[in-house]
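S.K.: missing the sequence, but the structure's below:
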């Protein structure tokens, strides 16, 4: 994705727009001065440089540069900064623009650049409007607004996941969560840092942990998401900096609504019912609904490519915040900063590494052995280097084992999700009926009817079951396990199996002599047409005159 940035200058109710000249994209549209980031540039640096090139001025001398909007569309990640100036000024345009205008925000010119509409609309947006823009992907997450950070977070996933702490798989039926009723339950949901020891928040845990609330819940694919209002400055900085995830806390007053199943491999599958309480949403290192993948519960473009926060760091920061809250309780300060240790983590590591390297003697090349102290120091250095190598090898080995385990977990989750019942849409019902009708034509040729879909069976599984029952008539596919075929290969196998089965039905080679097989079909008008396969002459011989005469002679004697 192309990274680009620009600046919107504003004075009073007017903003500076430039008209794009021939030679660039979106010729003739009104836009902000800006362009692509060069290697090593930040968005702010690129915006300032582009303004100098396009307007002939140093933007930073005109006012404070502050982030305004960031959006991703048509393969471009564009950050717009805002500078408020005291009065309109006349820019010195280069050849990238052929006109400029200080436009009224209430009456902007026609033919705006496609990305400019959301930039101008932002002036009239409140926190809910911005949250809706994030949910609609008109703006990226996170966005700063007044005293809060608006950040998109996954509230819960659906389908199958794996709870490592309990060593069990869990299934959340999408029908219970992907609906308006559950979305309404998410309004105002507390957002906290890490789960408390108990399943739900009490007054003290609420004071110590809450950093924001869910403002706007919405659906994304098969997950429930929400835009959170984050009030705590340290938590906001953490969400903008680190790759994190989320974990919801639900409570079941009546445990009988949940069902436990033992899987063939001995593992446990918990099929959840309706939760009696949606208690809170925790920011965490890795969530259950990442389903064995990378942390994905927090949508933060500013954290992409950044480091993750380890569980130890989260717990240390959590304890630090709790301690600070207790110390300041008498003064009434219940909103102490969290994760100060995380904020300075990188700096501490850098200082530690530099101190260690500075303290380590430089290796001596091609020199005669020195004093006993030097020999001992050299041996200690080599031992330390060897220990570091071993430590790195062990870490690499452990990382590979972790990735292998995660990959196996992802495969198990995908396999279980494939087998779980799913709600059929109208189009799914139509395809299922068409599949059954197609199979019925073949089964009718054998004097039978196609089996019906099973409860909760998806379309691909149904097609495989039907094909499996007919594959014995196909030389090419009779020895193939159709249940292991993917959808693409199934699309090749299915019509050939049906054609071979129909041919076997119409030209049977396994009928006993003197037998006929009734074949019933229905034409386009709905009329039933009956035909027979076999050897009619052999069958009719039972009723021939010679056979009747011989039978009479035998009876007479």
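M.R.: Okay, I see it. Just so it is clear, the model here is predicted, and its values are computed rather than measured.
S.K.: average model confidence for the helix or strand encompassing residue 401?
M.R.: Residue 401 is located in helix 372-419, with elements delineated by DSSP states H and E. The average pLDDT within helix 372-419 is 79.
S.K.: likewise stretch 478-485?
M.R.: 90.
S.K.: heads up, I number from 673, so please use that
M.R.: Taking 673 as the first residue, the last one we looked at is stretch 1150-1157.
S.K.: what about it, how long is it end to end?
M.R.: Using Cα to Cα, to the nearest Å, the end-to-end distance of stretch 1150-1157 comes out at 13 Å.
S.K.: Quick check, pLDDT for residue 770.
M.R.: Residue 770 carries a pLDDT value of 91.
S.K.: And the next helix or strand past the helix or strand it falls within?
M.R.: Assessed by DSSP H and E, residue 770 sits inside strand 769-776. Downstream of strand 769-776, the first helix or strand assigned by DSSP H and E is helix 788-793.
S.K.: Quick one: list the elements packing against that next one.
M.R.: Judged by 3 or more Cβ pairs under 8 Å, 6 or more residues apart in numbering; DSSP states H and E, helix 788-793 is in contact with strand 738-745. Where C-beta positions appear, they are placed from N, C-alpha and C, glycine not excepted.
S.K.: Can you point out the buried residues in the strand it packs on?
M.R.: 740-744 (16 or more other Cβ atoms under 10 Å).
S.K.: Give me the sheet partners of it and which way each runs.
M.R.: Strand 738-745 has the following strand partners under DSSP bridges: strand 748-756 (antiparallel).
S.K.: got a list of what residue 1146 touches?
M.R.: By Cβ atoms under 8 Å, 6 or more residues apart in numbering, residue 1146 lies in contact with 1168-1169, 1172-1173.
S.K.: Could you pull up phi and psi at residue 809?
M.R.: phi 70, psi 20 (degrees, to the nearest 10).
S.K.: Then residue 822?
M.R.: phi -100, psi 120.
S.K.: Quick one, grab the pLDDT at the residue lying closest to it once chain neighbours are set aside.
M.R.: For residue 822, ignoring the flanking residues on the chain, the nearest one in space by Cβ to Cβ, 6 or more residues apart in numbering is residue 815 at 4.8 Å. As predicted, residue 815 sits at a pLDDT of 95.
S.K.: and residue 815, what does it touch?
M.R.: So residue 815 contacts 741-742, 802, 806, 821-822 (Cβ under 8 Å, 6+ apart).
S.K.: Identify the farthest-apart pair in those residues.
M.R.: 741 and 821 (14.3 Å; Cβ to Cβ).
S.K.: coming back round to it: now do the helix holding residue 1073: distance to the chain's middle.
M.R.: 28 Å (Cα atoms, centre = their mean, to the nearest Å).
S.K.: Near residue 1177, how many other residues are there?
M.R.: When neighbours are defined as other Cβ atoms under 10 Å, residue 1177 has 21 of them.
S.K.: Please name the nearest non-neighbouring residue to it.
M.R.: residue 1117 (3.3 Å).
S.K.: how deep is that neighbour tucked in, by neighbour count?
M.R.: In terms of burial, residue 1117 registers 22 neighbours under the definition other Cβ under 10 Å.
S.K.: Is it correct that it is in contact with residue 1178?
M.R.: Yes. Counting by Cβ atoms under 8 Å, residue 1178 is a contact partner of residue 1117 at 6.3 Å.
S.K.: any idea how far residue 1061 lies from residue 885?
M.R.: Using Cβ to Cβ, to the nearest Å, we find residue 1061 at a distance of 49 Å from residue 885.
S.K.: what's the answer for residue 718, then?
M.R.: Distance, residue 718 to residue 885, using Cβ to Cβ: 35 Å.
S.K.: What of residue 769?
M.R.: Taking Cβ to Cβ, one finds residue 769 at 44 Å from residue 885.
S.K.: Next: residue 842.
M.R.: Residue 842 sits 26 Å away from residue 885, taking Cβ to Cβ as the criterion.
S.K.: Those two: which is more packed in?
M.R.: For residue 842 versus residue 885, neighbours defined as other Cβ under 10 Å are more numerous around residue 842 (20 against 17).
S.K.: C-terminal to the helix or strand hosting that one, what's the next element?
M.R.: Per DSSP H and E, residue 842 falls inside strand 840-844. Where DSSP H and E defines the elements, the next helix or strand beyond strand 840-844 is helix 846-849.
S.K.: What are the contacting residues of that next one?
M.R.: Under Cβ under 8 Å, 6+ apart, the answer for helix 846-849 is 828, 830-831, 854, 894, 896, 944-946, 1094-1095.
S.K.: Name the strands paired with the strand or helix carrying residue 827 and say parallel or antiparallel.
M.R.: Assigned by DSSP H and E, residue 827 falls within strand 820-828. Here strand 820-828 has these sheet partners by DSSP bridges: strand 815-817 (antiparallel), strand 895-902 (antiparallel), strand 970-971 (antiparallel).
S.K.: any idea of the angle the longest one forms with strand 840-844?
M.R.: The reference is to strand 895-902. 90 degrees (axes from the mean of the first three to the mean of the last three Cα atoms, to 10 degrees).
S.K.: Quick one: mean pLDDT for the next helix or strand after strand 895-902?
M.R.: The helix or strand immediately downstream of strand 895-902 is helix 905-913, counting by DSSP H and E. What helix 905-913 shows for mean pLDDT is 92.
S.K.: got the buried residues for helix 905-913?
M.R.: For helix 905-913, burial by neighbour count (16+ other Cβ under 10 Å) applies to 906-913.
S.K.: Could you single out the nearest of those residues to residue 734?
M.R.: Closest to residue 734 out of the buried residues of helix 905-913 is residue 912 (26.3 Å), distances taken as Cβ to Cβ.
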